[in-house]
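Asker: only geometry, no sequence info:
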C-alpha cells in the first residue's frame, strides 16, 4: 500500500492549483532534476519551499529501476522525520500534470555557497554542524534509505551559520538488495565513492564517503584530490589518486577529527568508517576542531 492509499484510501488527492494557492517568488533555483521556488501561501501568508520536478530527467532516472516499484522522492521524504532534515508536507501533481513536492522553507544558505565564499565565521559553529550533518545522514539510514547525493549543495546552513539541515531526496533509494546492485552511477561526481564510479554493488557507506569529502571541504575549502573538476572523469581518480592529508591544509586540526574524516574516505569499503554513527562515536570526545595547543 502506497502513502496516498494510506492517507486517502482509494481516493487520489486533488491536483494542486498552484496559482490559486501560492504566490511564487520569481527567482527559481535549479537543481539536478528540478526547479525550486519560495512559495507564499495566499490564504495564510506562510512561506514554503516548492519543488517542481523535471519530467524528462525524472523519467530517465526512473528507467534505472524499471520493475522495482521504487517509491517516489516525495514519498521517501515524508518518511524521514528529524529536526536536522527539511520537512516535507505533501507531494503530488499540479493541475497541469507537473509533479511537485511541498516542504518547509528554511531561511539560509547552501553549504556549497559558504565553502565557495570561504566564510570565516563558519569556524565558530563548524564542529557542531559537522555532528549535525552526520546525525542527519544517519537518520536517513535509520529510516531504511541511502541518500546517494550527500554533498555541500544538499545541506542548508541557518542564516547565522549556527546549524545545518539536510535536503533533497531526488536520488535516494531504499536500502534493499535490489537497489544496491552494480550499475546505478548517480550522484555528484566530486563526492562519489569509488564503488559507484566503478559500477560495483553499494550500500550506506557511499554516503559515509561523500560525507567525509564534504566535511574535508568544509574544514579546508579544498577538495581531497586537489582538483576542482566537477565532471564524471574526475571521479574516476577517487580510487587511484592519493588524498591530500587534511593536516597539510590544517596542521592545527584536532587529530581525532582529522583521522575520522580520512577513515570516511577510505577507498576500500571494508576499511572505511562503517557508519555515520561510528563516525560520531569516533569524534565524541572532540571538544574543539583545533588540536590542543594548535
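Answerer: Thanks, I have the structure now. On a predicted model such as this, the values are computed, not experimentally measured, just so you know. Numbering: from 1, shown residues only.
Asker: residues contacting the residue lying closest to residue 24 once chain neighbours are set aside?
Answerer: For residue 24, ignoring the flanking residues on the chain, the nearest one in space by CB to CB, 6 or more residues apart in numbering is residue 37 at 4.5 Å. Heads up, the C-betas are built off the backbone N, CA and C, glycines and all. Going by CB atoms under 8 Å, 6 or more residues apart in numbering, residue 37 touches 24-25, 27-29, 49-50, 52.
Asker: and the strands in the chain, which stretches?
Answerer: 22-24, 29-30, 34-41, 47-53, 88-93, 99-104, 108-110, 145-146, 155-158, 164-166, 173-174 (DSSP state E).
Asker: buried sites along the first one?
Answerer: By 16 or more other CB atoms under 10 Å, the buried positions in strand 22-24 come out as residue 22.
Asker: now it: average pLDDT?
Answerer: Mean pLDDT, computed over strand 22-24, is 95.
Asker: got it, and the last one?
Answerer: Regarding strand 173-174, the rounded mean pLDDT is 96.
Asker: most neighbours, which of the contacts of residue 37?
Answerer: Within the contacts of residue 37, most neighbours by other CB atoms under 10 Å means residue 50, with 24 neighbours.
Asker: list the contacts for that one?
Answerer: Going by CB under 8 Å, 6+ apart, residue 50 touches 18, 22, 24, 36-39, 100-103.
Asker: can I get the residues you listed in JSON lines including distance to residue 131?
Answerer: As requested, the contacts of residue 50 are arranged in JSON lines below (distance: CB to CB, whole Å):
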{"residue": "18", "distance to residue 131": "38"}
{"residue": "22", "distance to residue 131": "35"}
{"residue": "24", "distance to residue 131": "35"}
{"residue": "36", "distance to residue 131": "27"}
{"residue": "37", "distance to residue 131": "31"}
{"residue": "38", "distance to residue 131": "29"}
{"residue": "39", "distance to residue 131": "31"}
{"residue": "100", "distance to residue 131": "33"}
{"residue": "101", "distance to residue 131": "27"}
{"residue": "102", "distance to residue 131": "29"}
{"residue": "103", "distance to residue 131": "23"}
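Asker: now do the domain split for this structure, please.
Answerer: Using automatic domain parsing, the domain parsing of the chain gives 3-104, 108-282.
Asker: quick check: end-to-end length of the longest one?
Answerer: Distance across domain 108-282, first residue to last, is 29 Å (CA to CA, to the nearest Å).
Asker: can you pull out the helices in the stretch 151-294 of the chain?
Answerer: 194-197, 205-220, 232-235, 246-249, 255-264, 276-282 (DSSP state H, counting those that start in this stretch).
Asker: packing partners of the fourth one?
Answerer: Translated: helix 246-249. Helix 246-249 sits against helix 205-220, helix 255-264, with contacts defined as 3 or more CB pairs under 8 Å, 6 or more residues apart in numbering; DSSP states H and E.
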